[in-house]
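[1] What follows is a predicted structure for the sequence shown.
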Amino acid sequence: MFFEVRVYKPNGKLKKQISSTELSSNHWRTFDKIEGEIGLNSSGTKPVPAWVKAKLDLEFPTNLELDHQSTQG
């Protein structure tokens, strides 16, 4: 439930009046927008870009690659 809001100028005169229906519609519009942005994965971690992964794979080979190189060499 929202109550009507009155905004006054510094001199005390009424600047604008916001009705309860306008406040309610604004609230639910904002609520739906925020809720729509929330995903199922809310861990906060972003996926690593492909170029970063490729660079790291070159610098730090996996254990399988190390095992393969040690058996051949």
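    Thanks, I have the structure now.

[2] just checking, N11 is part of a strand?
    No: according to DSSP: H, G, I helix; E, B strand; the rest coil, N11 belongs to no strand; its state is coil.

[3] Where does pLDDT dip in the protein?
    Flagging of the chain using pLDDT under 70 yields the residue ranges 41-44, 63-73.

[4] Strands along the chain, start to end?
    For the chain, the strands identified by DSSP state E occupy 5-8, 14-18, in order along the chain.

[5] Compile those strands into TSV and extend it with columns for distance to T45.
    For the C-beta atoms, the positions are set from N, CA and C on the backbone; glycine is no exception. Formatted as TSV, the strands of the chain follow (distance: least, C-beta to C-beta, whole Å):
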stretch	distance to T45
strand 5-8	40
strand 14-18	40
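
[6] now those strands in a markdown table, with mean neighbour count?
    A markdown table is the format used below for these (neighbours: other C-beta atoms under 10 Å):
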| stretch | mean neighbour count |
| --- | --- |
| strand 5-8 | 10 |
| strand 14-18 | 10 |
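
[7] contacting residues around the helix ranked longest in the chain?
    In the chain, ranked by residue count with DSSP state H as the criterion, the top helix is helix 20-37. With C-beta atoms under 8 Å, 6 or more residues apart in numbering as the test, helix 20-37 has contacts from M1, F2, F3, E4, V5.

[8] Cross-reference those with the helices and report the matches.
    No part of these ends up in helices, with DSSP H as the criterion.

[9] Drop anything exposed from those residues.
    The neighbour count (16 or more other C-beta atoms under 10 Å) marks nothing among those as buried.

[10] nearest to V52, of the residues you listed?
    Checking the contacts of helix 20-37 against V52 by C-beta to C-beta gives F2 as the nearest, at 47.5 Å.

[11] residue contacts, the closest one?
    Residues near F2 by C-beta under 8 Å, 6+ apart: S20, L23, S24, H27.
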